[in-house]
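Chemist: Next one to model:
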Amino acid sequence: MSWMNMLYQTYENNKQLAGATDGTATLSVIAHMTANSQLEITVDEDGKFISASQVEKENGRILIPVTEASASRSGTNPSPHALSDMLPYIAGDFISYVPEEQREKTGKKFQSYIKNLHQWEESKYSHPKVRAIYNYLSKEHVVHDLVERGIIVLDENGLFKNEKISGQPYDKVMVRFRVAGGDLTTPKATWKDTLLMECYTQYYLSVQPGKKNICFITGNKSVITNNHPKGIIAANYGAKLVSANDVTNFTFRGRFTDADEACTISYEASQKAHNALSWLVEKQGVMIGMQDKRTYICWNPKGKKVPYFDDPIYEEDEENDIPDTEEAYKKKLEMAVQGYQDQLDDNDDIVIIGLDAATTGRLSVVCYDELKSSTFLSHLKDWNETCNWYFTKFTQDKRPYQTIYTPSAKQIIRCAYGTEQEQGQFLDVGDKLLKEQVQRIYYCIIEQMALPNDIVHAIVCRASNPQSYKTRSHYETVLSTACALIKKSKGGNVLMVLDEGNTNRSYLFGRLLAVAEVAEKNAMEANADRPTNATRLQAVFVNRPFSTWNNLKNALNPYLQRMSAGSREYYEKCIQDIMCLFEEADLKEMNRSLKPEYLLGYYLQRKALYTKKEKKEASNVSENARENP
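Modeler: Numbering: from 1, shown residues only. Got it, this is the predicted structure:
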């Protein structure tokens with residue numbers, strides 16, 4: 001129950017925010033839940049009808065007071081809410097506009113609703129708005145008023161026409177209330193009145209039925225509940241985290257005879273824990289997947305700001321502040337981590353939870369961890385320091401620039417297993433595979449576990465087959481991500497500049513492949529748009545490097561002959577210098593397949609050649625400017 005205790009503490013630490021909204025998420029009050037309203041009715045202090053209007057979908061989300069039963073009501077359990085509810089519950093004359101066979105069932109809804117509202121209105125926890133709304137609804141002419149205003153349309157028989165209000169049929173329309181008049185400082189909207197919410201919470205806790213027992217969360221003796229909230233995650237509406245309402249089909253597997261023997265949770269503690277979780281999901285939950293989603297949350301129970309472990313730890317703010325060297329990247333990373341350390345105490349808790357719907361009615365905790373902030377930030381810094389590489393990005397005006405950053409877990413999995421979609425516009429992978437593999441990467445970040453070998457192998461294979469990508473930018477992303485993972489698998493001990501003294505066989509063959517590719521591209525006609533021989537043979541080159549290199553060298557000779565003498569000599573010297581670095585032991589097994597390190601040599605040699613070319617072109621432009629002012 002550690003996760004519920006953390007959520008309970010989160011609610012207690014942030015309860016001053018309950019009922020208020022910051023524009024993105026609302027921390028629900030005890031005995032309240034969020035609902036989507038489609039109709040708004042305004043009455044005065046005496047309960048006289050003033051107006052009614054449809055509610056736009058984007059403005060319809062509100063907090064409504066509920067009972068334990070109504071919060072999880074269904075077709076077989078038509079329990080009424082306490083104030084805002086659907087038209088059949090609040091409108092006493094609703095039965096006059098439905099077919100005869102539906103009237104008995106519909107009438108029971110209103111009678112149950114108005115009885116409960118009257119009990120609240122007569123209690124010491126009542127509120128002027130409750131009295132006004134009760135006085136209006138007890139007159140039983142809500143539908144009549146709506147018909148007169150043209151909001152509800154009747155057919156020729158005087159029954160409801162098959163129309164909708166804000167996308168909902170009449171019997172599913174949720175109604176919210178405003179009460180005009182009174183203190184101008186008090187919100188007229190009932191769903192914004194925190195005093196009204198507090199009155200209902202106190203009222204409901206005072207009359208709540210149920211037996212008392214020791215709560216496993218608080219340790220106090222309170223009214224116990226077995227009916228816990230649903231709808232924690234909108235994508236899995238109806239799925240519950242805690243449920244023990246099925247006493248058939250061997251639910252307890254012979255271990256217990258009833259749910260209380262497993263655990264006892266008070267209604268108040270359950271409400272606080274689930275409300276905190278819903279708030280966190282809406283406020284900062286991260287969804288993995290498009291349809292079959294998994295949700296992750298990373299938070300501090302005291303409400304302090306913490307970074308999501310898979311987001312960029314710093315934001316690029318200016319073009320001249322973009323880290324394009326390893327030293328600059330580490331400096332930015334250090335500053336970002338220090339910023340969080342200044343806000344957090346070393347012993348502050350960082351909680352990470354992953355939620356997924358096992359079935360339509362069951363929500364599972366698939367990932368849970370608690371770390372001290374010092375450990376969390378240390379692990380986060382280590383991941384970002386050891387798993388990063390050069391990537392090409394674009395400015396708002398489409399100008400490319402190169403920067404160093406750490407690829408996200410989603411990017412890693414899409415590069416390792418994804419395929420190009422919609423005519424090569426993006427890389428994608430199925431939701432089920434994505435969320436399972438992303439979680440494996442998450443463990444590497446949070447717990448400093450080693451990278452799974454199968455993921456590294458998969459992305460190296462993809463990076464070794466550029467011909468399988470229609471879009472060159474996709475291949476470049478895969479290549480850079482593969483280099484980042486190779487660097488991580490070596491503990492981050494990889495130079496991010498060309499190491500001309502490195503005698504590793506795979507590294508050297510990667511350098512040769514880069515020289516062959518760049519040389520051929522430079523010799524090709526400017527408008528030529530075809531892959532080089534190095535690109536076409538790269539997949540074969542990885543498995544049989546020496547024999548494939550002989551073919552590449554022979555294919556490269558005609559291109560070298562097209563170059564100027566200086567350029568030809570430069571590339572030939574590059575090849576000769578690299579060949580001289582092979583050690584005698586390597587010469588015996590030159591055709592053995594390459595290890596992943598070859599990609600590092602390939603990338604860095606290619607980068608070095610292009611950088612030298614760019615500097616030379618810039619120098620030529622500068623000289624021409626001086627000669628022709």
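Chemist: residues in contact with stretch 510-521?
Modeler: 498, 532-535, 538, 541, 549, 552-553, 556, 559-560, 563, 571, 574-575, 578-579, 594, 597-606, 609-610 (C-beta atoms under 8 Å, 6 or more residues apart in numbering). For glycine as for every other residue, the C-beta is placed from the backbone atoms N, C-alpha and C.
Chemist: what's the answer for stretch 599-614, then?
Modeler: Contacts of stretch 599-614 (C-beta under 8 Å, 6+ apart): 389-390, 460, 463-464, 479-480, 482-483, 486-487, 494-499, 502, 504, 506-511, 513-515, 517-518, 522, 574.
Chemist: from those residues, which ones fall inside helices?
Modeler: 460, 463, 479-480, 482-483, 486-487, 506-511, 513-515, 517-518, 522, 574 (DSSP state H).
Chemist: Pro209 in helix, strand or coil?
Modeler: Under the three-state scheme (DSSP: H, G, I helix; E, B strand; the rest coil), Pro209 adopts coil.
Chemist: got the contact list for it?
Modeler: Here Pro209 is in contact with Val223 (criterion: C-beta under 8 Å, 6+ apart).
Chemist: so how far is His228 from it?
Modeler: Applying C-beta to C-beta, to the nearest Å, the value for Pro209 to His228 is 16 Å.
Chemist: separation between Thr24 and Ala484?
Modeler: Using C-beta to C-beta, Thr24 is found at 32 Å from Ala484.
Chemist: quick one: which of these two has more around it?
Modeler: The neighbour comparison of Thr24 against Ala484 (other C-beta atoms under 10 Å) goes to Ala484, with 25 against 8.
Chemist: could you flag which of the ones in helices among the contacts of stretch 599-614 are buried?
Modeler: 460, 463, 479-480, 482-483, 486-487, 506-511, 513-515, 517-518, 574 (16 or more other C-beta atoms under 10 Å).
Chemist: Could you report the neighbour count for the nearest residue to Leu537 once chain neighbours are set aside?
Modeler: Counting by C-beta to C-beta, 6 or more residues apart in numbering, Leu537 lies nearest to Thr548, which is 5.6 Å off, once chain neighbours are set aside. Around Thr548 sit 21 other residues, with neighbours defined as other C-beta under 10 Å.
Chemist: can you check the one 5 residues further on too?
Modeler: By the other C-beta under 10 Å criterion, the neighbourhood of Lys553 contains 14 residues.
Chemist: host element of it?
Modeler: Element membership for Lys553, per DSSP states H and E: helix 545-562.
Chemist: and what of Gly566?
Modeler: Element membership of Gly566, judged by DSSP H and E, is helix 565-579.
Chemist: Please enumerate the strands of the stretch 401-550 of the chain.
Modeler: Ranges of strands in the stretch 401-550 of the chain, per DSSP state E, counting those that start in this stretch, are 419-421, 426-428.
Chemist: mind listing what the first one pairs with, with the direction of each?
Modeler: Read it as strand 419-421. Note on strand 419-421: by DSSP bridges, its sheet partners are strand 426-428 (antiparallel).
Chemist: List the buried residues for the strand it pairs with?
Modeler: Within strand 426-428, the residues that count as buried by 16+ other C-beta under 10 Å are Leu427.
Chemist: Then stretch 157-174?
Modeler: For stretch 157-174, a neighbour-count test (16+ other C-beta under 10 Å) marks Phe160, Ile165, Ser166, Gln168, Tyr170, Val173, Met174 as buried.
Chemist: so the nearest residue to the fifth one once chain neighbours are set aside bridges to which residues?
Modeler: Here the nearest residue to Tyr170 in space, its sequence neighbours aside, is Phe160; by C-beta to C-beta, 6+ apart that works out to 5.2 Å. Phe160 forms beta bridges with Leu154, as assigned by DSSP bridges.
Chemist: residues touching Phe160, list them.
Modeler: Taking C-beta under 8 Å, 6+ apart as the contact definition, Phe160 lies against Tyr97, Val98, Ile152, Val153, Leu154, Tyr170.
Chemist: what does Ile578 give?
Modeler: Counting by C-beta under 8 Å, 6+ apart, Ile578 touches Leu508, Arg511, Leu512, Val515.
Chemist: Could you report the distance from the residue nearest to it when sequence neighbours are not counted to Tyr390?
Modeler: Nearest residue to Ile578, sequence neighbours excluded (C-beta to C-beta, 6+ apart): Arg511, at 5.1 Å. According to C-beta to C-beta, Arg511 stands 16 Å off from Tyr390.
Chemist: go on, Ile353?
Modeler: For Ile353, the distance to Tyr390 (C-beta to C-beta) stands at 34 Å.
Chemist: thinking again about what came up before, any idea which of the contacts of Ile578 is closest to Lys240?
Modeler: Closest approach between the contacts of Ile578 and Lys240, by C-beta to C-beta: Arg511, at 57.8 Å.
Chemist: If we go by neighbour counts, what in stretch 6-23 is buried?
Modeler: For stretch 6-23, a neighbour-count test (16+ other C-beta under 10 Å) marks Met6, Leu7, Tyr8, Gln9, Thr10, Tyr11, Asn14, Ala18, Gly19 as buried.
Chemist: what's the spacing between Val429 and Ala259?
Modeler: Separation of Val429 from Ala259 (C-beta to C-beta): 40 Å.
Chemist: Please give the element, helix or strand, for Met33.
Modeler: Using DSSP H and E, Met33 falls in strand 32-36.
Chemist: Adjacent strands (with direction) for that strand?
Modeler: Its sheet considered, strand 32-36 pairs with strand 61-65 (antiparallel) by DSSP bridges.
Chemist: what sits against the closest residue to Tyr113 other than its chain neighbours?
Modeler: Leaving out its chain neighbours, the residue that sits closest to Tyr113 by C-beta to C-beta, 6+ apart is Pro80, at 3.7 Å. Shown in contact with Pro80 (C-beta under 8 Å, 6+ apart): Thr67, Ser70, Tyr89, Lys109, Ser112, Tyr113, Asn116.
Chemist: ok, the second one - contacts?
Modeler: To tie it back to what came earlier, the one meant is Ser70. The contact partners of Ser70, taken as C-beta under 8 Å, 6+ apart, are Ser79, Pro80, His81, Ala82.
Chemist: Just give me the least confident of those.
Modeler: Across the contacts of Ser70, the bottom pLDDT score, 90, is held by Ser79.
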